[in-house]
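1. coords please:
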Amino acid sequence: MPEWPGGMARNAFKQALSRGERQVGLWCSMGSAVAAEIVAGAGFDWIVIDGEHAPNDITTLLPQLQAMRGGTAEPVFRVPWNEPVIIKRALDVGARSLLIPFVQNAEEARRAVAATRYPPLGIRGVAVGPRANDYGRIQNYHRNAHLDTCVLVQIETRAALREIEAVAAVEGVDGIFIGPSDLAADFGHLGNPKHAEVQAAIGEAAARIRSGGKAAGTLAGNAEDAEALFAAGYNFTAVGSDAGILARNAEALAARFRTR
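-> Down below sits the predicted model:
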């Protein structure tokens, strides 16, 4: 993989999405650099560090990014909100792939993209030597950073589903991610993303996203569901979570010996 001057690898995840390739991901919500280091080298293509529904902020994001450096997976930070200061701080500490929650329309998608771009392309504030440019060692970083910044916007309501084509037309959006749990709640099926109405909407969204020229992503509860989502046209799907792996496998191991 070609590198920036200074030795930083290019964003292989962003490039794979642009080619429509299948990218297998994992959710990372434990707020632990040790857990992040373990899963980063497991063979996944991308791993979400969740800053919306997990105990993560900039101070916990940084050590997880450091722990994941050299792993197989591209770190994707889900910011808590579509807010430029939060986005700027995440980018400065080195999270070059971002998942932006609750994007409702094209204007909100454009605002998300603008927050990731330096002027004149956007409104990102300029720091001379943040971790993102290896503390000033990467030549022409500020001019070229957007080329390796991956912007994924999250659609999670019925109103947002109606705007898929408009959101997909926004330059700088690399992928559209369907949030199954919030979508289920908006459909009136709180806690039941498996409801047929919700599943039909999720299934239909993939083709619309891909026909708009963007990568289509979502989250699965297990490997079988993930395979079905890939078959439906999603090309970046999270197939589980660090907390889920720990909890379910710990329960299964304990149950095996409790029955003896």
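
2. what's the nearest residue to residue 21 if we skip its chain neighbours?
-> In space, and not counting its chain neighbours, residue 21 is closest to residue 235: 6.6 Å by C-beta to C-beta, 6 or more residues apart in numbering. Placement of C-beta: from N, CA and C, glycine included.

3. I should have written residue 131 there, sorry.
-> Taking C-beta to C-beta, 6+ apart as the measure, residue 131 lies nearest to residue 94, with 4.6 Å between them; neighbours along the chain are not counted.

4. Over to residue 229?
-> What sits nearest to residue 229 in space, not counting adjacent residues and going by C-beta to C-beta, 6+ apart, is residue 237, at 5.0 Å.

5. Please tell me how far the one you found sits from residue 45.
-> Residue 237 sits 10 Å away from residue 45, going by C-beta to C-beta, to the nearest Å.

6. With neighbour numbers in mind, choose between these two.
-> The residue with more neighbours, out of residue 237 and residue 45 and counting by other C-beta atoms under 10 Å, is residue 237; that gives 25 against 18.

7. re earlier: quick one: contacts for the residue nearest to residue 131?
-> Listed by C-beta atoms under 8 Å, 6 or more residues apart in numbering, the contact partners of residue 94 are 62, 65, 130-132.

8. Quick check: residue 130 touching residue 92?
-> Yes. Proximity of residue 130 to residue 92 meets the contact threshold set by C-beta atoms under 8 Å, at 4.0 Å.

9. pLDDT weak spots in this protein?
-> Segments of the chain classed as low confidence (criterion: pLDDT under 70) are 1-2, 4-8, 260.

10. Show me where it has its helices.
-> In order along the chain, the chain carries the following helices (DSSP state H): 12-18, 33-40, 58-68, 84-92, 106-115, 141-144, 158-161, 164-168, 180-186, 196-211, 223-232, 242-258.

11. Please produce JSON lines containing those helices, extended by mean neighbour count.
-> Listed next are the helices of the chain as JSON lines, based on neighbours: other C-beta atoms under 10 Å:
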{"stretch": "helix 12-18", "mean neighbour count": "20"}
{"stretch": "helix 33-40", "mean neighbour count": "19"}
{"stretch": "helix 58-68", "mean neighbour count": "18"}
{"stretch": "helix 84-92", "mean neighbour count": "20"}
{"stretch": "helix 106-115", "mean neighbour count": "20"}
{"stretch": "helix 141-144", "mean neighbour count": "15"}
{"stretch": "helix 158-161", "mean neighbour count": "17"}
{"stretch": "helix 164-168", "mean neighbour count": "19"}
{"stretch": "helix 180-186", "mean neighbour count": "19"}
{"stretch": "helix 196-211", "mean neighbour count": "17"}
{"stretch": "helix 223-232", "mean neighbour count": "16"}
{"stretch": "helix 242-258", "mean neighbour count": "12"}
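
12. ok so, going back, joint contacts of residue 237 and residue 45?
-> With C-beta under 8 Å, 6+ apart as the test, residue 237 and residue 45 both reach 23-25.

13. want to try CSV for the residues you listed, with distance to residue 212 as columns?
-> Supplementary listing: the shared contacts of residue 237 and residue 45 in CSV, determined by distance: C-beta to C-beta, whole Å:
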residue, distance to residue 212
23, 18
24, 23
25, 21
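
14. Among those, which lie within strands?
-> Per DSSP state E, strands hold the following members of the shared contacts of residue 237 and residue 45: 23-25.

15. Going by distance to residue 246, which of those residues wins?
-> In terms of C-beta to C-beta, no member of these lies closer to residue 246 than residue 25, at 17.2 Å.

16. and that closest one, what does it touch?
-> Applying C-beta under 8 Å, 6+ apart, we find residue 25 in contact with 44-48, 73, 76, 217, 236-239.

17. quick one: which of these is nearest residue 35?
-> Using C-beta to C-beta, residue 47 comes nearest to residue 35 of the contacts of residue 25, at 10.2 Å.
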